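>>> mind folding the following:
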Amino acid sequence: MSSAGNTNGGGLPQIQQQGDVSWTSGGVGLDESHALLREQAHWPLSLRFTGPTADYLAGVRVRIVGGNGGEVLNAESMGPYMLVKLPPGSYTVYAKYKDQEKKQSVNVSGPGKAKAAGVSLEHSVSAGFRRGSAEAAKALTSASKIVS
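Presented below is the predicted three-dimensional model:
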């Protein structure tokens, strides 16, 4: 299955633009999930949202703030995966689900190379931040254990 309004082909959800930042989100259907997982190595930041029992979440409010304090992205996830194209630099990612919000610092150095372990929102939502293929699973597994 793929999402309605999918115009990028190959199951990838539509790419959105907010200022200088491009992003896409989804993963509800099987085609869309596979397309997002396949594409994540080409995007500087990849997020995955799961609940306390590893159930996938949509509707997570994501805000990304640059090192200068300016907001570069304010969007709602349309599924458990979100891919974001950001210029290299340091950012703070805020993930909010219902009334729980947590933040995580990330350093973006290029496609598929954001550096962060993850964040758990009071065991309501976990956001795994992609660091690279070998470390992604470890980061996502440890995300539910980190509470800051």
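>>> give the helix, strand or coil label for the closest residue to L73 other than its chain neighbours.
Nearest residue to L73, sequence neighbours excluded (C-beta to C-beta, 6 or more residues apart in numbering): I64, at 4.1 Å. Every residue, glycine included, has its C-beta placed from N, CA and C. Classification of I64 by DSSP: H, G, I helix; E, B strand; the rest coil places it in strand.
>>> verify the stated contact: P88 with V106.
No. Counting by C-beta atoms under 8 Å, P88 stays clear of V106, with 11.2 Å between them.
>>> looking at the two, which one has more neighbours?
Set side by side, P88 and V106 show more neighbours around V106, with 23 against 10, by other C-beta atoms under 10 Å.
>>> still on that earlier bit, partners of the residue nearest to L73 in the sheet?
L73, V93 (DSSP bridges).
>>> just checking, it touches A95?
No. The criterion here is C-beta under 8 Å, and I64 misses it with A95 at 9.9 Å.
>>> and after the helix or strand hosting H34, which helix or strand comes next?
For H34, the element it lies in under DSSP states H and E is helix 30-39. Per DSSP H and E, the first helix or strand lying C-terminal to helix 30-39 is strand 45-50.
>>> quick check: angle from that next one to helix 30-39?
Here the directions of strand 45-50 and helix 30-39 differ by 140 degrees (axes from the mean of the first three to the mean of the last three C-alpha atoms, to 10 degrees).
>>> output strand 45-50 as CSV, nothing but the C-alphas.
Output of strand 45-50 as CSV, limited to C-alpha atoms (Å, rounded to 0.1, in the frame of the first residue of the first chain):
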residue,chain,number,x,y,z
LEU,A,45,18.5,13.3,9.5
SER,A,46,16.2,10.3,9.8
LEU,A,47,13.6,10.0,12.6
ARG,A,48,11.5,7.1,13.7
PHE,A,49,8.7,7.4,16.2
THR,A,50,7.5,4.5,18.3
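>>> what count of nearby residues applies to N74?
Using other C-beta under 10 Å, N74 has 13 neighbouring residues.
>>> for it, which residues are in contact?
Residues in contact with N74 (C-beta atoms under 8 Å, 6 or more residues apart in numbering) are 18, 61-64.
>>> state the distance from it to D31.
Using C-beta to C-beta, to the nearest Å, N74 is found at 28 Å from D31.
>>> show me the helices in this protein, by range?
Taking DSSP state H to define them, one finds helices in the chain at 30-39, 133-143.
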